[in-house]
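>>> what's the 3D shape of this:
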Amino acid sequence: MRFRMNHQETSAVAMPQINTVRDFDVARVRRDFPILSSTVHGKPLVYLDNAASTQKPLAVIDAISRFYREEYSNVHRGVHHLSQLATDRYEDARRSVRRFLNARYEEEIVFVRSATEAINLVAQTFGREHLREGDEVIISAMEHHANIVPWQMICEERRARLRVIPMNHDGELLLEEFEALISSRSKLVAVTHMSNALGTVNAVKDIIGIAHAHGLPVLIDGAQSAQHLPIDVRELDCDFFTMSGHKMYGPTGIGVLYGKKEILSSMPPYQGGGDMILSVTFEKTIYNDIPYRFEAGTPNIAGAIGLAAALDYVRQFDIDALVSHERDLLRYATDQLSEVIELRIIGNASDKASVLSFTLCAVHPHDIGTILDKEGIAIRAGHHCAQPVMKFYGIPATARASFSFYNTREDVDALARGIHTVLEVFG
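Modelled structure (predicted):
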């Protein structure tokens with residue numbers, strides 16, 4: 001049975017206004033991140049591992065600290081002042097996420113541990129409900145393992161199969177071949193918005209349009225894109241969107257699943273326990289409404305509050321200024337590293353953001369990362385939880401520098417000098 005798309009328009013919740021900082025000042029921004037003034041091995045820290053996890057501004061650190069110092073209690077179940085205060089803070093955080101994503105309803109925001117758990121939630125609920133033997137889930141060739149393995153697991157259980165959108169050597173998806181993959185057995189499309197291994201920004205609006213034309217819902221993995229691109233889930237018209245707090249200048253252990261209200265309402269619970277129920281007897285349990293039916297047990301209250309503080313911090317800036325600054329850094333870094341004849345950049349999509357992956361002669365990426373670390377430069381080395389991507393390019397791993405709005409051209413210059421040091425060490 002095909003999934004029926006619902007495009008009925010309803011009125012949006014009013015969005016509070018927030019003052020934006022039009023003149024982007026990276027020096028001022030860096031003062032908000034205490035760790036950026038630290039040293040590593042006696043050298044000033046140059047943090048270029050933002051695709052793995054971003055650093056935290058004082059606004060986030062202070063919000064979490066204040067909650068534990070002054071406001072802590074469990075949520076939803078207490079009648080006393082602190083419990084009600086903590087509940088208000090937790091639900092305020094949900095409202096902050098709704099505003100950030102421009103979701104229509106607060107009920108469309110589910111707090112989870114991570115973008116990974118969000119994908120698993122959809123696979124184990126929507127997937128289990130809709131997949132039958134011979135059905136298909138479509139993903140892409142550049143997915144993070146978190147958007148591969150959950151679908152493999154549910155496909156194996158339901159005797160369904162994965163179909164993969166191919167990509168070219170520049171790291172761009174072949175959308176003409178995507179539509180050819182769709183069949184009467186297709187049940188869901190799940191693709192990354194932005195590749196963590198290549199930096200490719202996929203044309204997800206086109207992908208969503210093609211999928212919806214065939215009656216297919218779409219999950220967008222926004223773990224990388226949410227901190228680098230403006231996100232509007234209603235404008236995209238995606239059915240699910242996932243986000244990870246620790247990549248978004250927030251704390252670890254918190255993530256978000258956005259889902260259209262009518263779809264979430266049709267999905268069974270993911271886990272059982274407290275707060276996801278309306279009533280329990282030994283004979284029958286009646287489940288709670290969304291989003292609470294997907295939030296079993298005591299949630300990561302401090303994590304949600306910290307994530308809200310991170311989103312509110314980011315929203316004070318003009319998003320176009322942030323995007324422009326990060327794109328300038330990527331262009332500058334690409335130009336600088338392209339001058340190193342021994343260096344090969346992996347992934348040259350026409351639309352890229354924030355990520356620069358490379359190999360260097362016969363030097364293993366782990367050796368590159370180790371030597372750069374001695375210079376105070378933090379990058380990532382490995383397969384980046386994207387082993388199919390590495391196999392496609394015929395390499396075991398890459399070194400990856402990834403940028404945030406708090407990085408500078410001076411950071412890029414330090415990276416270039418560090419790469420020359422690597423070459424000197426290895427002759």
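>>> where do the helices sit along the stretch 1-150 of the chain?
Under the criterion DSSP state H, counting those that start in this stretch, the stretch 1-150 of the chain carries helices at the ranges 26-31, 58-66, 81-101, 115-122, 128-130, 149-158.
>>> then the stretch 151-300 of the chain?
With DSSP H, counting those that start in this stretch as the criterion, the stretch 151-300 of the chain has helices at 175-181, 204-213, 233-236, 261-264.
>>> neighbouring contacts of the last one?
Outside of helix 261-264, the residues that reach it under the criterion C-beta atoms under 8 Å, 6 or more residues apart in numbering are 6, 104-105, 107-108, 110, 126, 217, 239-240, 290-291, 294. Where you see a C-beta, it was placed from the backbone N, CA and C, and this is true even at glycine.
>>> between those residues, which is nearest His228?
Within these, proximity to His228 (C-beta to C-beta) peaks at Phe240, which comes in at 19.5 Å.
>>> that closest one contacts Val122, correct?
Yes. Proximity of Phe240 to Val122 meets the contact threshold set by C-beta atoms under 8 Å, at 5.5 Å.
>>> identify the contacts common to the two.
Once C-beta under 8 Å, 6+ apart is applied, the residues that Phe240 and Val122 both contact turn out to be 219, 257, 259.
>>> so the second one touches Ser114, yeah?
I take that to be Leu257. No. Leu257 sits out of contact with Ser114 when judged by C-beta under 8 Å, with a separation of 10.0 Å.
>>> specify which residue of those two has the higher count of neighbours.
Leu257 (25 against 21; other C-beta atoms under 10 Å).
>>> what's near enough to touch that one?
109-110, 112, 117-118, 121-122, 240-242, 294.
>>> for those, give me JSON lines that also has pLDDT, distance to Ile419 and neighbour count.
Putting the contacts of Leu257 into JSON lines (pLDDT from 0 to 100; distance: C-beta to C-beta, whole Å; neighbours: other C-beta atoms under 10 Å) gives the following:
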{"residue": "Ile109", "pLDDT": "98", "distance to Ile419": "42", "neighbour count": "25"}
{"residue": "Val110", "pLDDT": "98", "distance to Ile419": "42", "neighbour count": "25"}
{"residue": "Val112", "pLDDT": "98", "distance to Ile419": "38", "neighbour count": "26"}
{"residue": "Glu117", "pLDDT": "98", "distance to Ile419": "36", "neighbour count": "22"}
{"residue": "Ala118", "pLDDT": "98", "distance to Ile419": "36", "neighbour count": "31"}
{"residue": "Leu121", "pLDDT": "98", "distance to Ile419": "41", "neighbour count": "26"}
{"residue": "Val122", "pLDDT": "98", "distance to Ile419": "40", "neighbour count": "26"}
{"residue": "Phe240", "pLDDT": "98", "distance to Ile419": "39", "neighbour count": "26"}
{"residue": "Phe241", "pLDDT": "98", "distance to Ile419": "36", "neighbour count": "27"}
{"residue": "Thr242", "pLDDT": "98", "distance to Ile419": "34", "neighbour count": "32"}
{"residue": "Phe294", "pLDDT": "95", "distance to Ile419": "45", "neighbour count": "23"}
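>>> what's the domain layout of the chain?
Listed by automatic domain parsing, the domain ranges of the chain are 26-50+317-425, 60-315.
>>> deepest of those domains, which one?
Comparing the domains of the chain on average neighbours per residue, with mean count of other C-beta atoms under 10 Å, the densest one is domain 60-315 at a mean of 20.
>>> now do stretch 125-143: distance to the chain's middle.
20 Å (C-alpha atoms, centre = their mean, to the nearest Å).
>>> what about it, start to end distance?
21 Å (C-alpha to C-alpha, to the nearest Å).
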